[in-house]
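[1] sequence and predicted structure, then a few things I'm wondering about:
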Amino acid sequence: MAKETLTITDNRTGQTYELPIHMGTIRAMDLRQIKANTADFGLMTYDPGLTNTASTKSAITYIDGDKGILQYRGYPIEQLAEHSTFLETAFLVVYGELPTAAERQAWEFEISRHTMVHTNIQNLIQTFRYDAHPMSVFISAVASLSTLYPDSRNITDPEIMRLQIVRMIAKVATIAAYTYRHNMGWPINRPDDGLSYVGSFLRMMFRMTEVHYEPHPVLERALNILFILHVDHEQNCSTTVMRTIGSSQADPYSALAGAAAALYGPLHGAANEAVLRMLEQIGSPENVPAFIEKVKRGEGRLMGFGHRIYKNYDPRCRIIKKTAEEVFEVTGHNKLLDVALELEMAALNDDYFISRNLYPNVDFYSGLIYRAMNLPANLFTVMFAVPRTVGWIAQWVEMLKDPEQKLARPRQVYTGPDVRNYVPLDRRG
């Protein structure tokens, strides 16, 4: 029977080492025993971007990029998108199991009871310029929650931790809606606990003069699906930030704000905004062939295609494409959908993109849905941050309960000068 070990021969010394393999990995610290001499620090790995380094063990999200598989706690994303609700999926991701009927009712009730935010938060949002980027406002408001809940620093108390979980999921939707209303110059709408989580969010966003606002069931279901698809995605950039800040035992609101700041970047959460701007730039289906040729010449980028993890069709994209079609039946035809469909067809039939595994990802159609809801492009990342809060929380909780986790402190390969003597100012070049 083959041994689950890796044998390494150090050609500098001729010495051989046998390292255990567990779950397809070796422990980085096992490499430290490999030394050129007794004064040597020991061997390290060099992995910019941590693209091939497992920094944690997690039971939350499983991804097989080659096969296009995404699962939360073992449940296929397709099944959750079809049958579940956002809050039910949130319970699953945070606590590990689908709730019973009683647990689901209690969970939804508790979340609804914490959707109101302190007037200090409302006032803070209103201090920003009307044209401030919504993500900057969102990040600031989330971080400020730590000043309202100083007990959140006691992260070792299970009951306090549970309360912060509820607060964070409940309040990010309200903060996002208040931010949108402020940018638009409209008065805020308070949460409505007579509606579902997503229904109340739509009401806070879009209610104008109606006495009784009822969200359209198709739009409510579409947003439920979008939120479910964005809950978690393994150890991505923002999740790594959440775990890294959390490893210092900072309060969860500070860690959450840091994760949202990472999501703000155009290479991460702001990608769907870039997709929409690309489609607007193309303008019409007739312009797609010329744009494709421009991309192939290296004169432009095909946004919303390709993924670091998925080497196949992003499973979330199939779900969103169908959802987009249902939304447009309600909101009316959107010419950008014609551009998107033509662009997708052109790319999927071009060897240039096929050979590079450039298939549509989740960002390609999500921006179209948000635009159909009349949301400005700069709000798209906030719409991403609201559901991803659930994943960040689950990862944070898992990290705190993991006995192997330590304060994050990566190593570096120093490339600076050797020791130098200080030169007085009057003697410098």
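    Now that the structure is in, tell me what you want to look at.
[2] helix or strand right after whatever helix or strand Tyr180 lives in?
    Element membership for Tyr180, per DSSP states H and E: helix 158-184. Downstream of helix 158-184, the first helix or strand assigned by DSSP H and E is helix 197-206.
[3] list the contacts of that next one.
    85-87, 108, 111-112, 115, 173-174, 176-178, 180-181, 188-193, 195, 213, 215, 219-220, 223-224, 227, 373, 386 (CB atoms under 8 Å, 6 or more residues apart in numbering). (Glycine included, C-beta is placed from N, CA and C.)
[4] report the angle between that helix and helix 158-184.
    Relative orientation of helix 197-206 versus helix 158-184 (axes from the mean of the first three to the mean of the last three CA atoms, to 10 degrees): 30 degrees.
[5] got the buried residues for helix 197-206?
    Residues Tyr197, Val198, Gly199, Ser200, Phe201, Leu202, Arg203, Met204, Met205, Phe206 are the ones in helix 197-206 that count as buried (16 or more other CB atoms under 10 Å).
[6] closest one of these to Thr13?
    Ranked by distance to Thr13 (CB to CB), these are led by Tyr197 at 60.7 Å.
[7] tell me the pLDDT at the closest one?
    pLDDT, Tyr197: 97.
[8] one more: Val362?
    So Val362 comes in at 77 (pLDDT).
[9] that one is in contact with Leu229, isn't it?
    Yes - counting by CB atoms under 8 Å, Val362 touches Leu229, with 6.2 Å between them.
[10] overlap of the contact sets of these two?
    Arg316, Ile320.
[11] got a list of contacts for stretch 279-294?
    300, 302, 335-336, 338-343, 346-347, 350, 368.
[12] now the residues you listed in a markdown table, with neighbour count?
    Formatted as a markdown table, the contacts of stretch 279-294 follow (neighbours: other CB atoms under 10 Å):
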| residue | neighbour count |
| --- | --- |
| Gly300 | 15 |
| Leu302 | 22 |
| Lys335 | 12 |
| Leu336 | 21 |
| Asp338 | 15 |
| Val339 | 23 |
| Ala340 | 26 |
| Leu341 | 16 |
| Glu342 | 19 |
| Leu343 | 27 |
| Ala346 | 16 |
| Ala347 | 22 |
| Asp350 | 16 |
| Leu368 | 25 |
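[13] narrow the residues you listed to those in helices?
    If you go by DSSP state H, these have Lys335, Leu336, Asp338, Val339, Ala340, Leu341, Glu342, Leu343, Ala346, Ala347, Leu368 in helices.
[14] show the pLDDT at the residue nearest to the last one when sequence neighbours are not counted.
    Spelled out, that is Leu368. Leaving aside its sequence neighbours, Leu368 sits nearest to Ala324 (CB to CB, 6 or more residues apart in numbering; 5.4 Å). Model confidence at Ala324, given as pLDDT, is 86.
[15] over to the one 4 residues further on?
    According to the prediction, Phe328 has pLDDT 88.
[16] can you spell out which helices and strands pack onto the helix or strand where it lies?
    Using DSSP H and E, Phe328 maps to helix 315-331. Counting contacts by 3 or more CB pairs under 8 Å, 6 or more residues apart in numbering; DSSP states H and E, helix 315-331 packs against strand 69-72, helix 77-83, helix 217-229, helix 335-348, helix 363-372.
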